[in-house]
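Peer 1: sharing a model prediction with you, sequence too.
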Amino acid sequence: MKFLGLVVFGVLFGVTISQLEIPGLILPDVEYEIEHNVVKPVPPHGTCYNNKAITCTTPGVKIQSHSVNPCLQCICHEDQTILCCRIVPEPKVRCPHFCTLTQDQETCEFNLEHHRPGACHIKGWYYSDVGDLFGGGSYTPAP
């Protein structure tokens with residue numbers, strides 16, 4: 001109940017939970033998702049995020065991420081933080097509650113397993129427009 005009281009206090013007085021110091025509670029604020037859209041046809045990469053916990057020195061240099069996640073492609077961004085994007089875009093399915101989505105860590109392809117017929121029908125792909133940072137060429141979503 002002590003934790004709930006702190007959360008209510010924080011909400012009432014405009015304090016975010018990351019500003020409170022609670023012993024034993026670790027709330028890293030290191031990954032900031034970049035705005036994404038659902039698009040068609042298949043985009044050159046998936047959603048992206050900035051990792052502000054790690055800095056880099058040379059903007060534009062590709063960062064090796066294979067030891068952490070082989071399905072990410074990372075680059076040193078202009079503000080010297082690491083920008084990472086999924087190599088393969090994640091599909092948006094019709095009924096995500098009835099469709100299990102897993103990613104093969106070798107091929108990076110997504111595997112869909114439906115629990116109800118039609119649940120895994122792909123409606124589009126999640127995509128963050130970060131320009132042509134990864135050399136994927138220009139991409140224009142269909143209207």
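Peer 2: Good, I have the coordinates.
Peer 1: okay, now the sheet partners of the helix or strand harbouring residue 74, with direction.
Peer 2: Residue 74 belongs to strand 72-76 when assigned by DSSP states H and E. Next to strand 72-76 in the sheet, as set by DSSP bridges, lie strand 62-63 (antiparallel), strand 81-86 (antiparallel).
Peer 1: residue 126: which of the ones you listed is closest?
Peer 2: Nearest to residue 126, of all the strands paired with strand 72-76, is strand 81-86, at 8.2 Å by C-beta to C-beta. Any C-beta I mention is one placed from the backbone N, CA and C, and that applies to glycine too.
Peer 1: that closest one: what's the following helix or strand?
Peer 2: Heading C-terminal from strand 81-86, the first helix or strand you meet, by DSSP H and E, is strand 91-93.
Peer 1: the inter-axis angle of the following helix or strand past that following strand versus strand 81-86?
Peer 2: Heading C-terminal from strand 91-93, the first helix or strand you meet, by DSSP H and E, is strand 99-103. Calculated by axes from the mean of the first three to the mean of the last three C-alpha atoms, to 10 degrees, strand 99-103 forms an angle of 120 degrees with strand 81-86.
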